[in-house]
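Engineer: I would like the atomic coordinates for the input below:
(2 chains)
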Amino acid sequence: KAGVTQTPRYLIKTRGQQVTLSCSPISGHRSVSWYQQTPGQGLQFLFEYFSETQRNKGNFPGRFSGRQFSNSRSEMNVSTLELGDSALYLCASSGGGTGAETQYFGPGTRLLVL
Amino acid sequence: AQSVTQPDIHITVSEGASLELRCNYSYGATPYLFWYVQSPGQGLQLLLKYFSGDTLVQGIKGFEAEFKRSQSSFNLRKPSVHWSDAAEYFCAVVGGSTLGRLYFGRGTQLTVWP
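Structural biologist: A predicted model of the protein is given here:
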């Protein structure tokens, strides 16, 4: 079974731009969670989608948004980029039914904001 | 709310030595606990998980962890470390109404001396 895939793997943007990251879950998984990883803050939860609905959200500003499609693929969008948004963005997929299953992570998208 | 503490930011061991990485969690009910490993520039790979049952769980790469409810701990162990084990290790917990949200510790960086 193929693992979680994320595209693109690397991205360079400038302040004020917006960016869209994509995540394809493991086949059959219906939940996708997104995390931001930085050296200063560690791994922080952004949001989780299950069956096209956002079920949970972390403490990030409204510039961070996401969505999930009917095939469970998910995208996250960051508008009006700031230097502090430079990070590794990780998505994880799970079966999703209870919200407490094992999460399997993709390789991440490394975003650099200049 | 759930939380995870990894007291050791950095651990150095010699190849062939035993290893124990500490993890303490805070959660009112029985938690679901995980250990993940991350190599530089990569995503998180699941090492092992505890949901219920036997408190000593076996994982990949020769790792094991023991759940101790009385100490709110889930320490990771390996009897003989290999140079390829050098990486960052994260303990995580999920449970209750967290719906797709893992709470991570800050990680322990493992260095292995040849």
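Engineer: Contact distance from chain A - what residues of chain B qualify?
Structural biologist: Within reach of chain A by CB under 8 Å from any CB of the partner chain, chain B has these residues: B:32, B:34, B:36, B:41-46, B:49, B:90, B:94-107. The C-beta positions use only the backbone N, C-alpha and C, and glycine is treated the same way.
Engineer: The same query, at a cut-off of 10 Å, please.
Structural biologist: The interface of chain B toward chain A, taken as CB under 10 Å from any CB of the partner chain, is made up of B:6, B:31-32, B:34, B:36, B:38, B:41-46, B:49, B:51, B:90, B:92-107.
Engineer: Write the ChimeraX selection for whichever of those are buried.
Structural biologist: Here the buried members of those are turned into a ChimeraX selection, burial being counted by 16 or more other CB atoms under 10 Å in any protein chain shown:
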select /B:6,31,32,34,36,38,42,43,44,45,46,49,90,92,93,94,95,98,99,100,101,102,103,104,105,106,107
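Engineer: mind listing what the most centrally placed residue in chain A touches?
Structural biologist: Geometric centre of chain A, nearest residue: A:W34, 3.3 Å, by CA atoms, centre = their mean. By CB atoms under 10 Å, 6 or more residues apart in numbering or on different chains, the contact set of A:W34 is A:21, A:23, A:44-49, A:58, A:60, A:64, A:66, A:74-76, A:89-92, B:100.
Engineer: among those residues, which are in strands?
Structural biologist: A:21, A:23, A:44-49, A:64, A:66, A:74-76, A:89-92 (DSSP state E).
Engineer: What about chain B: which of the residues you listed touch it?
Structural biologist: Cross-checking these against chain B (CB under 10 Å from any CB) gives A:44-49, A:90-92 as the overlapping residues.
Engineer: Would you mind measuring from B:T30 to chain A?
Structural biologist: To chain A, B:T30 is 11 Å away according to CB to the nearest CB, to the nearest Å.
Engineer: and that residue, how far is that from B:I9?
Structural biologist: Relative to B:I9, B:T30 is positioned 28 Å away (CB to CB, to the nearest Å).
Engineer: still on that earlier bit, how far away is the residue nearest to the centre of chain A from A:R110?
Structural biologist: Counting by CB to CB, the gap between A:W34 and A:R110 amounts to 15 Å.
Engineer: Which parts of chain A are strands?
Structural biologist: Assignment of strands within chain A using DSSP E yields the ranges A:5-7, A:10-13, A:19-24, A:31-38, A:42-50, A:53-57, A:64-68, A:74-78, A:87-94, A:104-105, A:109-113.
Engineer: The fourth one to strand A:74-78, inter-axis angle?
Structural biologist: Orientation of strand A:31-38 against strand A:74-78 (axes from the mean of the first three to the mean of the last three CA atoms, to 10 degrees) gives an angle of 40 degrees.
Engineer: Relative to strand A:31-38, what are the paired strands and their orientations?
Structural biologist: Strand A:31-38 has its sheet partners listed here by DSSP bridges as strand A:42-50 (antiparallel), strand A:87-94 (antiparallel).
Engineer: go on, the first one?
Structural biologist: Strand A:5-7 has the following strand partners under DSSP bridges: strand A:19-24 (antiparallel).
Engineer: Check the shortest one too.
Structural biologist: Strand pairing for strand A:104-105, using DSSP bridges, gives strand A:87-94 (antiparallel).
Engineer: got the buried residues for the strand it pairs with?
Structural biologist: Buried positions in strand A:87-94, judged by neighbour count with 16+ other CB under 10 Å: A:87-94.
Engineer: Dump the residues you listed to JSON lines, plus pLDDT.
Structural biologist: Formatted as JSON lines, the entries for these read as follows, by pLDDT from 0 to 100:
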{"residue": "A:A87", "pLDDT": "97"}
{"residue": "A:L88", "pLDDT": "97"}
{"residue": "A:Y89", "pLDDT": "98"}
{"residue": "A:L90", "pLDDT": "98"}
{"residue": "A:C91", "pLDDT": "97"}
{"residue": "A:A92", "pLDDT": "97"}
{"residue": "A:S93", "pLDDT": "96"}
{"residue": "A:S94", "pLDDT": "93"}
